[in-house]
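Trainee: sequence first, predicted model second:
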Amino acid sequence: MKQKPNSHSSKQTSRRQFTKSVATTLMAAPLAASLAKAQTPVKPKEPTAPPTPQQTPAPQKPSPLAEAYAEAARVRFGDKLTPEQLEQLKKDMDGNVRTADRLRAVKLKNGDEPDFIFSAG
């Protein structure tokens, strides 16, 4: 009697494995970008006057979602990151969450078209 090939064989990726790898990639992308930015040489700035208290924006507390993303990254990659990099990651995640909120706030109508026109032919 011939058996059917198992759909969960080691050669095929299951949906669960695929989803986990996508989630890991999404979490690691901002981290990789911040690490790459940290390794680029910084040009020395010309001295400027220190910002006045009026010019300095008050630091905002990161959103709970950004805190959760940063905590997940700390659990996964914490042994490879310095505390400064973790703080920068938290700020980057907060910026990403705030940008996503702003994008979500824009209400599109059914007739709104994309910025580009796609045509095949």
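Mentor: Cool, the structure landed.

Trainee: tell me where the model's unsure across the chain.
Mentor: In the predicted model, the chain carries pLDDT under 70 at residues 1-11, 35-59, 121.

Trainee: does Phe116 belong to a helix, a strand or coil?
Mentor: Assigned state for Phe116: coil (three-state reduction, DSSP: H, G, I helix; E, B strand; the rest coil).

Trainee: list the contacts of Leu89.
Mentor: 30-31, 34, 70, 73, 81 (CB atoms under 8 Å, 6 or more residues apart in numbering). The C-beta positions use only the backbone N, C-alpha and C, and glycine is treated the same way.

Trainee: the helix or strand containing it: which residues count as buried?
Mentor: Using DSSP states H and E, Leu89 sits in helix 83-105. Going by neighbour count (16 or more other CB atoms under 10 Å), the buried part of helix 83-105 is 85-86, 88-94, 97.

Trainee: how about those in TSV, adding distance to Ala23?
Mentor: Output for the buried residues of helix 83-105, formatted as TSV (distance: CB to CB, whole Å):
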residue	distance to Ala23
Gln85	21
Leu86	20
Gln88	22
Leu89	17
Lys90	19
Lys91	22
Asp92	18
Met93	15
Asp94	19
Val97	16
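
Trainee: could you look up the SS state of Asn110?
Mentor: What three-state DSSP gives for Asn110 is coil.

Trainee: neighbours of it, just the number please.
Mentor: Neighbour count for Asn110, taken as other CB atoms under 10 Å: 4.

Trainee: next one: Ala73
Mentor: 22.

Trainee: quick one: contacts for it?
Mentor: Contact analysis of Ala73 by CB under 8 Å, 6+ apart lists 27, 31, 81, 86, 89, 93.

Trainee: may I ask which helix or strand encompasses it?
Mentor: Per DSSP H and E: helix 64-77 holds Ala73.
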